[in-house]
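**Student:** next comes the sequence, and after it the predicted model I'd like to discuss.
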Amino acid sequence: MQKKRVVVGLSGGVDSSVAALLLKKQGYEVIGLFMHNWDDSVFNQCTWKEDSIDALLVAKDLNIPFQVVEMKKEYEESIINYMFDGYRSGKTPNPDILCNREIKFNVFLKKSIDLGADFIATGHYVNKKKLIKNNKIIYRLLVGKDSNKDQSYFLCQLTQYQLKKSLFPLGTLTKNQVRKIAEKNRLCNAYKKDSQGLCFVGKIQLSRFLQKKIFPKRGEIVMIDSNALMYHPKKKPFCQRKKNVFLSKRKKYQKSDGKVIGYHHGSQFFTKGQRKGISIGGYKKALFVIETDIKENIVYTGMGKNHPGLYKKSLFIQEKDIHWIREDLALLNGEKMEVFCRIRYRQPLQKALLYKIKNGMFIEFEILQCAITEGQFAVWYLNEELIGSGVIS
C-alpha cells in the first residue's frame, strides 16, 4: 500500500519539527517546506534566514526532502496590505488569523497539493476529529490538550475542506512533552525559543512598522471622566434586538466631553485598551485608550483599568463576516445559541448568547468585557469545539 504524502510547514521551530518527526514515525511520506513570506532589511527583525537553516538541519536529521517556497508576493497582498488598511481605518486587525486562512491553509495547501500531497501538517496545538451526520463527514476543530498553548483561536477561519486536508500531530501533547521528544531525538532546535510577534515578520515595534505607509500626524489626547453623564443613561425597556443594539453600540465621544491632556503622533497607532504609548504621567491611575476618532485624529483615554469606557456587554458581527466551521450548526434569523466565547487569544472562555438577525449576529456576554475592539475576531465554542468566528464590527 502506497504511503500517504504529507507536506509539513517547517518553520525552523521545535513544534513543526516534532510534527514532522511524529508523522514520519507514523508511516507517512513526509516532505518539509519552509515558507519564505517576508524579508525586511529595514527593521532587521525577521529571522527567516536563521529559521530556514534550522528547518534545513531538521529535515536533514529526519532524512526528508526539503524545499524553500517563495510566497512573499501573496503574503504582502493578503496580510501586510490587510494590516495597513485595517489600522488606517481605525480598526485593529488580527493578521495571524488571516495568515492561517489565506497563506498556510490556502496558498501553502495548494502548493502542497501540486506536489502530490494528501495532507499538510503544522505544529499547531489543536485537535481534529470526524463526525458522521446525515451520512456526511463533518470535521471538528477542538482545543489542544495543553491549555496554555491551545491555538484553536488562530484557526477560527478554517473551512471544512482546509480541515479535511490538515493534520495536527501535537494536539494531544503538551509543550513540555514536545521539547522532550525533540531532545530525545537530538533535534537541533529542541530548546529554541518560541517565535514572537507578527506571523512570519517577527517581533516588531508596531507603530514604527505602520509608519512605513501610515504617516504620523499630531493630534490631541482627551481624557474622559469616569462619571461622565454618557455612562449613566436613563434605562428604558428594550426588546431583545434593541437591547443588543444599545449594548453593542460604539460610543461617540466629542472633544467637549472631556479635557485635552496631551498630544500623540497619529490616532491610527492606538487601539482600545492600550496603556503603553500614551506617555502621560502625573495621574493617580494609569491611562487607557477607550476610543479613537480617526477622522478628527483624537485619542480618547480614561483613568484606571475599571473606567466604564473600556467595557461593553455585547458586540455585533456583520453578515458578511460571520464564519461557521460547523456549517450544520449555523443559526437562522431569530435563533439563539448559548456558547462560550473569547474576543482575544488566551482570554478565558466567557459565557455568551449568540443572537442571529437578518444583517448579522449579536454576541451578548454574561458579564462585561474589557476592550471589545473593532477588527479583532470573536470566536465561539460548544464545550471544547470551536464552531465559528467573526470580525467584530
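**Tutor:** Nice, I can see it.
**Student:** in the lengthiest helix in the chain, what's buried?
**Tutor:** Criterion DSSP state H: the longest helix present in the chain is helix 48-62. Neighbour counts over helix 48-62 (16 or more other Cβ atoms under 10 Å) mark 48, 51-52, 54-59, 61-62 as buried. The way it works is simple: take the backbone N, C-alpha and C, and place the C-beta from them, glycine included.
**Student:** got the phi/psi numbers for the residue nearest to A121 when sequence neighbours are not counted?
**Tutor:** Nearest non-adjacent residue to A121, counting by Cβ to Cβ, 6 or more residues apart in numbering: L167, 4.1 Å away. Note on L167: its backbone torsions stand at phi -120, psi 140 [degrees, to the nearest 10].
**Student:** quick one: contacts for L167?
**Tutor:** Contacts for L167 were tallied using Cβ atoms under 8 Å, 6 or more residues apart in numbering; they are 6, 19, 23, 119-121, 128.
**Student:** just for the protein, where's the confidence low?
**Tutor:** 40-46, 196-204, 235-238 (pLDDT under 70).
**Student:** rerun at 90
**Tutor:** Applying pLDDT under 90 to the chain picks out residues 1-2, 37-51, 188, 190-214, 229-251, 281.
**Student:** list the contacts of stretch 243-255.
**Tutor:** 220, 222, 224, 230, 238, 290-291, 293, 296, 298, 300, 309, 312-316, 355, 362, 364, 374.
**Student:** out of the residues you listed, which are buried?
**Tutor:** 220, 222, 224, 290-291, 293, 298, 300, 309, 312-316, 355, 362, 364, 374.
**Student:** dump the residue contacts of V289.
**Tutor:** By Cβ under 8 Å, 6+ apart, the contact set of V289 is 270-275, 278, 299-301.
**Student:** quick one: secondary structure of it?
**Tutor:** strand (DSSP: H, G, I helix; E, B strand; the rest coil).
**Student:** so what's it bridging to?
**Tutor:** According to DSSP bridges, the partner residues bridging V289 are T301.
**Student:** gap between it and N94?
**Tutor:** 18 Å (Cβ to Cβ, to the nearest Å).
**Student:** now L167
**Tutor:** 24 Å.
**Student:** check L329 too.
**Tutor:** 23 Å.
**Student:** so for those two, which residue has more residues nearby?
**Tutor:** Using other Cβ atoms under 10 Å as the criterion, L329 and N94 rank with N94 on top: 24 against 15.
**Student:** contact partners for the more buried one?
**Tutor:** With Cβ under 8 Å, 6+ apart, N94 has these contacts: 375-377.
**Student:** for it, give its distance to I53.
**Tutor:** For N94, the distance to I53 - Cβ to Cβ - is 29 Å.
**Student:** and R208, by the same measure?
**Tutor:** 27 Å.
**Student:** cool, and Q369?
**Tutor:** 43 Å.
**Student:** now E364
**Tutor:** In terms of Cβ to Cβ, E364 sits 50 Å off from I53.
**Student:** wait, what's in contact with M35?
**Tutor:** 9, 11, 69, 71, 103-104, 108, 200.
**Student:** how far is the strand or helix carrying K312 from where the chain is centred?
**Tutor:** Element membership for K312 (DSSP states H and E) is strand 311-318. Using Cα atoms, centre = their mean, to the nearest Å, the mean C-alpha position of strand 311-318 is found 17 Å from that of the whole chain.
**Student:** continuing past it, what's the next helix or strand?
**Tutor:** strand 322-324.
**Student:** quick one: name whatever helix or strand follows that next one.
**Tutor:** strand 336-342.
**Student:** which residues sit against that next one?
**Tutor:** 153, 329, 331, 348-356, 363, 365, 378-383, 387.
**Student:** quick one: buried ones out of these?
**Tutor:** 153, 331, 350, 352-356, 363, 365, 378-381, 387.
**Student:** in strands, which of those appear?
**Tutor:** The strands, defined by DSSP state E, take in 350, 352-356, 363, 365, 378-381, 387 from the buried ones among the contacts of strand 336-342.
**Student:** and those residues, which two are the farthest apart?
**Tutor:** Q350 and K356 (18.8 Å; Cβ to Cβ).
**Student:** next, the angle strand 336-342 makes with the strand holding K312.
**Tutor:** Put simply, strand 311-318 runs at 110 degrees to strand 336-342, going by axes from the mean of the first three to the mean of the last three Cα atoms, to 10 degrees.
**Student:** what inclination does strand 311-318 have with respect to strand 377-382?
**Tutor:** Using the same axes, to 10 degrees: strand 311-318 against strand 377-382 is 90 degrees.
**Student:** for strand 311-318, which helices and strands make contact with it?
**Tutor:** helix 240-248, strand 360-370, strand 385-391 (3 or more Cβ pairs under 8 Å, 6 or more residues apart in numbering; DSSP states H and E).
**Student:** identify each buried residue in the first one, please.
**Tutor:** Taking 16+ other Cβ under 10 Å as the basis for neighbour counts, the residues of helix 240-248 that come out buried are 243-244, 247-248.
**Student:** and that helix, how far from the chain's centre?
**Tutor:** With Cα atoms, centre = their mean, you get 26 Å for helix 240-248.
**Student:** for the very next helix or strand once past that helix, which strands pair with it and how are they oriented?
**Tutor:** Later in the chain than helix 240-248, the nearest helix or strand by DSSP H and E is strand 259-264. Strand pairing for strand 259-264, using DSSP bridges, gives strand 219-223 (antiparallel).
**Student:** ok, residues contacting stretch 137-152?
**Tutor:** By Cβ under 8 Å, 6+ apart, the list of residues contacting stretch 137-152 reads 124-132, 155, 158, 160, 163-164, 168, 170-175, 325-326, 328, 379, 381, 384-386.
**Student:** quick revisit: columns secondary structure and neighbour count on top of the contacts of M35, output as a markdown table?
**Tutor:** Shown next, in a markdown table, are the contacts of M35 (DSSP: H, G, I helix; E, B strand; the rest coil; neighbours: other Cβ atoms under 10 Å):
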| residue | secondary structure | neighbour count |
| --- | --- | --- |
| G9 | strand | 24 |
| S11 | coil | 25 |
| V69 | strand | 16 |
| M71 | coil | 20 |
| I103 | helix | 22 |
| K104 | helix | 25 |
| F108 | helix | 22 |
| F200 | coil | 25 |
